[in-house]
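Student: got a predicted model here, sequence first, then my questions.
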Amino acid sequence: RDGRPLFAVALADAEEPAGLAGGRFAGLREVVAEVGADDAALLAYARAMVIWQQRHGYCGTCGAPAAPRDGGFVMACTAHE
């Protein structure tokens, strides 16, 4: 965004960081009404990408583990690299 890279990080079952100054962890449904349309769309897209990667952890052909490639937009078989 504006020439800067953005990243999404899955923090399933993680505890809130101690240094989270005045903030808190919240689900997408809790915050989507509090941000602008562009940020809401970006958050929804990031959440969808994280879920897609979690659900596609294995190669559909041979069953070997898959790993994200091309910035996370491809899940590649690790047995055929």
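Tutor: Received, thanks.
Student: where do the strands of the protein begin and end?
Tutor: Using DSSP state E, the strands of the chain run over residues 66-69, 74-77.
Student: residue at max distance from the center of this protein?
Tutor: Using Cα atoms, centre = their mean, the residue of the chain lying farthest from its centre is Cys62. It sits 25.0 Å away.
Student: OK, contacts around the closest residue in space to that residue that isn't next to it in sequence?
Tutor: Leaving aside its chain neighbours, Cys62 sits nearest to Ala79 (5.8 Å; criterion: Cβ to Cβ, 6 or more residues apart in numbering). Where you see a C-beta, it was placed from the backbone N, CA and C, and this is true even at glycine. Applying Cβ atoms under 8 Å, 6 or more residues apart in numbering, we find Ala79 in contact with 59, 62, 64.
Student: so which of these sit within helices?
Tutor: If you go by DSSP state H, these have nothing in helices.
Student: can I get these in JSON lines with distance to Ala18?
Tutor: Formatted as JSON lines, the contacts of Ala79 follow (distance: Cβ to Cβ, whole Å):
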{"residue": "Cys59", "distance to Ala18": "39"}
{"residue": "Cys62", "distance to Ala18": "43"}
{"residue": "Ala64", "distance to Ala18": "38"}
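Student: okay, the residues you listed in CSV with distance to Arg29 and pLDDT next?
Tutor: As requested, the contacts of Ala79 are exported to CSV (distance: Cβ to Cβ, whole Å; pLDDT from 0 to 100):
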residue, distance to Arg29, pLDDT
Cys59, 33, 94
Cys62, 37, 94
Ala64, 35, 96
